[in-house]
Structures are given as C-alpha cells and as structure tokens.
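Participant: the amino acid sequence is not available; the structure is as follows:
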C-alpha cells in the first residue's frame, strides 16, 4: 500500500516538508479509541500511536484533535518507546456535527473526505427535514454529496423514485440514486466515488442498509448485519465505531455508527446558502430585520400562505436558525469562560513567579 493509495499527493507532500526534516513520517489515521489511534504508513504497515501532549494542549476543542481521515506526522518509536503523533496537517475538508446534548463543541465525523454518502429509504426513515440538515453539514464540509434511497426492494418503485425526486429538489448539487443493497444495486454508483486515493464517508440512520452496502464493497462480512424489525423497518445496530477502510478495488471508506441526532454545526452563511429560495424571499420583506414569524409584511410567510413555499421547509428554516443562534450563544459563553480561566491562571503564574523571585532576592541568589 503506497502513500498515494491513501490519498497522498504533492499538496500533502508540500505541507509535510517541515516535519520530514525532523525525521517524522506521514501517516493517515484509520481508527481512533479513547487511548490511541490506528494509523497507516507506507508499505501497507499499520501502527498504533499516541498523541503528544502539545497537540492536546494546543487544541481549543475536541474537533481540533486528530480524527479518522486526518494526515498526521508521526515520530516512530522503538522497542520500548511508543509511536507518537507530533503534528496534524491542515484539513482539506471536514464533516462535522454538533456533539449530542447541550454541548457547544463540534464532533468530527470524517476528515479529508471527498464525498459524503447519505443512506436513507422511502419508508420509515424518509424525512426531508433531516435531509436538509445533512445537506447543510455537507455544504459546510466542502465535500461532494451523494444520497442513496435504499431498500427499493421493500417499497414500490414509484415510492422510492418520488422520494429521490423530493430529495433532489432540496439541493441541485447532490447526486441522488435509488438502490437496493440486498439486490446488489447501486454499487456501481458508489464505486464511481471510490477511485484510487479518494475517500467516501457513509452516514445515515441505523437500519437503512449502510452495513450491507459496506459488506458488498469490502468483499466479505466485515460488519455483522441483523434482521429487520417488522414494526419499525429497522435492522439491528451493526456499526459501533468510526473507521477508515481500505478497499481492494481502490479508494477508502469511512463507515459510521447510525446517527440518532443530526445537530447543526454551521453558521448563518451556510444556512442562507442551503435555503437560498427562502433567503431570496426575505429580501422582499417589509422590514430589513424581519424575524419571519409575526412581523407584518413578511414575504416568507406570505409565500407559505399562498402555497408557494412548503410549510415544513419554512418551519425547518426557523428551527435551524434558532439552533444556530443558540449554538453561537453557547460558544460565546464558553469562550468567555475559557478566557476568564486563562486570565486567572496567568495572574496566578505571575504571582508565583514574583514570589519565587522575591525569595531568591532575600536569599541573595544570583540565578
């Protein structure tokens, strides 16, 4: 396995130049755990590596720490010395979501990915509002978007095609295909995004057939798959950890555990870009600071009432706007707390230094 097959190119080589002079080697992270990372280096060699203290200290949040898909600089250890990750190369793309719960931090789903494939179906999992969330996150990541409306063998073809058409209408840049993993359909579509050196990230709810697709791409039963519950239409959870898999036919795959929450980690600019139709309507509102809820002369509400804008899309826009505003507020409060903590500890450090110097002066120390 050469570095180029892992995605290494002249741009990465240039970014790595300062670290090569230190004797470190490039590696791509394929697995992470609470205590260490799995990494691939040249010649098809997988190593376990730990993170150096400086990277921990310099990271402003968890999202700044190395994640699956990242390129890093590794200081190779010896018989009694561990391999240590010394530096993180700048990411080209990064697929993020907000950590579940009330956290104000981001969670990295995949780094340096070329395409995000969302797997859904036309039945119990079909949800345009959730798909809008996925599209916003993918847009922010700068990766390409692919959607597989899977399980077409369980639903009428017309139903799956209608679902695909509605998803396509949300974002023109997304490639949407109807597939059936159990019949082997749609694998050609996935393989188009799995060229040598390219990375595909697969996401979606538990039970929509992600692991079946991964098994077929990988060539054996890499992930266990369970039967589908007849009531919910969902399979048993089959992927428990995030991992980058190297495929024999070329390309790499990041499989993810099923996501229960798709919370936003984005900004107002991405929101406006993802809801360009609503943003265009907003320019016709009577007031420039219209909140699009109860204000008079709101062009967006008028479009909803006239049947020109789907109410569900309008309500999702407002919900996302609220989430982004709340996230921004929590992030600002967290930053203030961090700055207060840093200032307090800086004062303590200065006081300690002054006290040590005073004691030295009293003892008459020259040093």
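Facilitator: Okay, I see it. Treat the numbers as computed from the prediction; the structure is a model and nothing was measured.

Participant: so what's residue 82 scoring on pLDDT?
Facilitator: With respect to pLDDT, residue 82 scores 93.

Participant: list the contacts of the closest residue to it other than its chain neighbours.
Facilitator: The shortest distance from residue 82 to any non-neighbouring residue, by C-beta to C-beta, 6 or more residues apart in numbering, is to residue 50 (5.3 Å). Yep, even glycine has a C-beta here, placed from its N, CA and C like the rest. For residue 50, the contact set (C-beta atoms under 8 Å, 6 or more residues apart in numbering) comprises 35-37, 82-85.

Participant: just the buried subset of these, please.
Facilitator: 36-37, 83-85 (16 or more other C-beta atoms under 10 Å).

Participant: could I get these in TSV, plus columns for secondary structure and distance to residue 293?
Facilitator: Putting those into TSV (DSSP: H, G, I helix; E, B strand; the rest coil; distance: C-beta to C-beta, whole Å) gives the following:
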residue	secondary structure	distance to residue 293
36	coil	49
37	strand	46
83	strand	55
84	strand	53
85	strand	48
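
Participant: show me the protein divided up by domain.
Facilitator: With domains defined by automatic domain parsing, the chain comprises 4-88, 94-255, 267-367.

Participant: winner for burial among these?
Facilitator: domain 94-255 (a mean of 19; mean count of other C-beta atoms under 10 Å).

Participant: do you know how far the residue lying closest to residue 119 once chain neighbours are set aside is from residue 293?
Facilitator: Of all residues not flanking residue 119 in the chain, residue 204 sits nearest, at 3.6 Å (C-beta to C-beta, 6+ apart). To residue 293, residue 204 is 32 Å away according to C-beta to C-beta, to the nearest Å.

Participant: which neighbours does the helix or strand hosting residue 110 have in its sheet, and in what orientation?
Facilitator: Per DSSP states H and E, residue 110 falls inside strand 106-111. For strand 106-111, the paired strands and their directions (DSSP bridges) read strand 94-98 (antiparallel).

Participant: and the strand it pairs with, how far out from the chain middle?
Facilitator: Distance of strand 94-98 from the chain centroid (C-alpha atoms, centre = their mean, to the nearest Å) equals 3 Å.

Participant: give the rounded mean pLDDT of that strand.
Facilitator: 82.

Participant: which secondary structure element of this protein has the lowest mean pLDDT?
Facilitator: None of the helices or strands of the chain scores lower by mean pLDDT, DSSP states H and E than helix 268-274, at a mean of 61.

Participant: contacts for the next helix or strand after that one, please.
Facilitator: Using DSSP H and E, the helix or strand that follows helix 268-274 in sequence is helix 276-282. With C-beta under 8 Å, 6+ apart as the test, helix 276-282 has contacts from 272-273, 290, 292, 299-300, 303, 309, 313-314, 317.

Participant: tell me what the helix or strand that helix 276-282 is followed by is packed against?
Facilitator: Per DSSP H and E, the first helix or strand lying C-terminal to helix 276-282 is helix 299-305. For helix 299-305, the elements it packs on are helix 276-282, helix 311-363, judged by 3 or more C-beta pairs under 8 Å, 6 or more residues apart in numbering; DSSP states H and E.

Participant: lowest average pLDDT across the ones you listed?
Facilitator: helix 311-363 (a mean of 68).

Participant: could you point out which element follows the strand or helix carrying residue 177?
Facilitator: Assigned by DSSP H and E, residue 177 belongs to strand 175-178. For strand 175-178, the following helix or strand on the C-terminal side (DSSP H and E) is helix 187-192.

Participant: could you point out the helix or strand that follows that following helix?
Facilitator: Downstream of helix 187-192 (by DSSP H and E), the next one is strand 199-204.

Participant: off-centre distance for that following strand?
Facilitator: 9 Å.

Participant: with that, I have no additional questions.
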